[in-house]
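In: Have a look at this fold, sequence not included:
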């Protein structure tokens, strides 16, 4: 199989996984209506501001973290790396949000996702480890936090 065919297959699979994780379920691994943006559209600012437990983050912090992570991965894919990333800042600083702040946070995440998705689609060669690791990291890390958000939402909506 040629390198072009393999690259096209990889890009197709990657595109589907990105779309399912963030935008809309295609039947690859999520249940209908459970992608990140579909899930976030069902959450109010009030719900986003409730910590699940005494030491747990709010859904607003989860969303801020995913946005932060996507920005870090964008730099990583481009070969830019920083030793001064404070992975804990969001967990310390983001809690309750107003409706306006919640809408702005979701919009910022959508914008970052669109930029990172375009960046990933523009990769012509998957020869470097930063590109593959970064692209797969975006999917895997976001899927993890999507699970956290959906699990927390179950608890929050039963209160």
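Out: In hand now; what should we look at? Please read all numbers here as calculations on a predicted model, not as lab measurements.

In: residues contacting the residue nearest to the spatial centre of the chain?
Out: Within the chain, the residue whose C-alpha comes closest to the C-alpha centroid is residue 142; the distance, by Cα atoms, centre = their mean, is 3.8 Å. Shown here is residue 142, whose contacts under the criterion Cβ atoms under 8 Å, 6 or more residues apart in numbering are 21-22, 36, 66, 69-70. Where you see a C-beta, it was placed from the backbone N, CA and C, and this is true even at glycine.

In: run the last query once more with 7 Å
Out: By Cβ atoms under 7 Å, 6 or more residues apart in numbering, the residues touching residue 142 are 21-22, 36, 66.

In: Keep only those of those that are in helices.
Out: Residues of these located in helices (DSSP state H): 36, 66.

In: Including distance to residue 121, neighbour count and pLDDT, could the contacts of residue 142 go into a markdown table?
Out: Rendered in a markdown table, the data for these read as follows (distance: Cβ to Cβ, whole Å; neighbours: other Cβ atoms under 10 Å; pLDDT from 0 to 100):
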| residue | distance to residue 121 | neighbour count | pLDDT |
| --- | --- | --- | --- |
| 21 | 15 | 23 | 97 |
| 22 | 13 | 25 | 98 |
| 36 | 18 | 25 | 98 |
| 66 | 19 | 26 | 97 |
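
In: ok so, going back, buried set for the helix or strand containing the residue nearest to the centre of the chain?
Out: If you go by DSSP states H and E, residue 142 is part of helix 129-157. Buried residues in helix 129-157, counting neighbours by 16 or more other Cβ atoms under 10 Å, are found at 130-131, 134-135, 137-139, 141-143, 145-146, 148-149, 152-153, 156.

In: No more questions from me, cheers.
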